[in-house]
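**Student:** quick check, what structure comes out for this input:
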Amino acid sequence: MPGRTDFDIETNVYRRPSDIPRTVWRQLHSDPLNANILLPCLVKASNYERRGGRMSKDTLWIACFSKTDHSALPDEQGRVLDFFVSCTDGPIDKYPIFIYSSHPREHLHDTFLLPRMARIASELQRNVAPERTFSVFALKPAAEVFSEVWTQQTGIAVEEQPYYAATFSYCTRETFVQRKASMFPGEVWDLRMAALSDLDAVASLCHGFAEGSEPFVLTRERAFEEASLLIDQGQVWVHEVKRNGQPSAIASIVAVTRETASVSAITKVYTNPDFRRRGFAERLVRKVTQELLQSGKEFVVLYVAHDNKAAAKVYHRVGFAGLASDANEVTPGVEPWLELGFDQSVVRLGHW
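**Tutor:** Next up, the predicted model:
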């Protein structure tokens with residue numbers, strides 16, 4: 001779809017992955033760590049299209065280019081990709097608006113962001129009903145400016161409290177920390193990929209995880225659907241435990257999603273409240289991270305909420321960068337991300 005150009009800023013809307021120019025694909029694949037929030041879904045959509053699938057009516061991607069002095073790869077017209085935006089569906093419901101930036105956070109000042117976010121918001125408003133944009137997730141400065149201009153353009157207010165304020169972190173073979181698991185008398189455990197026989201237990205833990213992820217809660221039925229998909233696609237690990245002769249139970253889960261050739265994302269880390277403070281989550285996260293790195297992944301990534309100090313401590317002990325409680329130095333690639341939601345009386349919530 002033809003875009004708009006103003007002061008060397010150009011935006012283009014794409015309804016199919018095959019319409020996205022090679023320069024955009026090249027930039028995303030050259031930066032798989034930062035592009036992980038949307039690149040895996042884009043690759044899946046591309047494969048789906050190749051098999052003859054058709055995108056839903058609200059699915060689109062927006063590229064924002066400009067002629068700036070930047071290290072990103074320019075196209076034949078001398079433009080570089082500043083931002084790439086996805087408006088797509090997930091396996092359960094619609095995803096938030098995800099924004100990838102080719103620029104480091106320290107370059108994202110208001111004078112740079114405002115005209116670009118205004119262009120992106122205008123394109124989104126013209127191509128999708130405003131109520132589809134229930135939230136935006138991006139590097140903190142980009143999310144803040146996008147939400148400001150979105151409210152100005154649509155009149156839909158931002159919810160008072162952020163949905164998710166988190167740190168993006170990663171683990172590599174170099175940062176990974178091997179540690180012997182603590183053993184408790186009378187306890188036997190197994191760390192493995194979930195099987196169909198675990199469906200009820202995994203669904204219960206998916207439901208518990210969602211209960212703490214307002215406003216993206218799930219009914220028991222939707223949690224069962226999510227668990228079924230994760231197990232069927234081989235995307236969820238479990239920590240099974242048996243103690244003192246009691247029947248075995250699933251204590252913790254860890255999902256592995258958003259995968260590309262070199263990057264995998266860990267999500268949905270959750271422990272049954274009856275099994276907390278016993279190191280089960282750390283043991284399972286370490287096992288899954290190690291398996292992914294040994295399989296050839298260069299990075300395992302995750303987001304951890306700023307107010308979840310216990311989780312940050314667990315991930316730091318496994319080897320995720322920049323999460324030490326006394327860290328004073330800036331760790332390259334470890335960045336604050338923010339999800340801001342829009343007036344729930346106007347929008348239709350999705351799920352991720």
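**Student:** got a list of what Gly90 touches?
**Tutor:** Residues in contact with Gly90 (CB atoms under 8 Å, 6 or more residues apart in numbering) are 41, 350-352. From N, CA and C alone the C-beta is placed, and that goes for glycine too.
**Student:** got the residues you listed as JSON lines, with distance to Ser182 columns?
**Tutor:** As requested, the contacts of Gly90 are exported to JSON lines (distance: CB to CB, whole Å):
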{"residue": "Cys41", "distance to Ser182": "37"}
{"residue": "Gly350", "distance to Ser182": "39"}
{"residue": "His351", "distance to Ser182": "35"}
{"residue": "Trp352", "distance to Ser182": "33"}
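**Student:** and the two most separated of those?
**Tutor:** Cys41 and His351 (13.9 Å; CB to CB).
**Student:** looking at the contacts of Gly90, which is nearest Asn308?
**Tutor:** The nearest member of the contacts of Gly90 to Asn308, counting by CB to CB, is Trp352 at 17.4 Å.
**Student:** what about the closest one, neighbour count?
**Tutor:** Using other CB atoms under 10 Å, Trp352 is surrounded by 18 other residues.
**Student:** distance check, Ser135 against Gly319.
**Tutor:** From Ser135 across to Gly319, the span is 30 Å (CB to CB, to the nearest Å).
**Student:** what about the contacts of Gly90, which are in helices?
**Tutor:** Judged by DSSP state H, those include Cys41 as members of helices.
**Student:** show me the domain layout of the chain.
**Tutor:** What automatic domain parsing lists as the domains of the chain is 4-167, 187-320.
**Student:** tell me which residues of stretch 247-267 come out buried.
**Tutor:** 250-260, 263-267 (16 or more other CB atoms under 10 Å).
**Student:** and the two most separated of those?
**Tutor:** So, these by CB to CB: farthest apart are Ala251 and Thr260, at 29.8 Å.
**Student:** quick check: closest non-adjacent residue to the residue nearest the centre of the chain.
**Tutor:** What sits nearest the mean C-alpha location of the chain, by CA atoms, centre = their mean, is Ile37, with 4.4 Å. Excluding its sequence neighbours, the residue lying closest to Ile37 (CB to CB, 6 or more residues apart in numbering) is Phe98, at 4.9 Å.
**Student:** Trp61 against Cys41, yeah?
**Tutor:** No. Using CB atoms under 8 Å, Trp61 is not in contact with Cys41, being 10.0 Å away.
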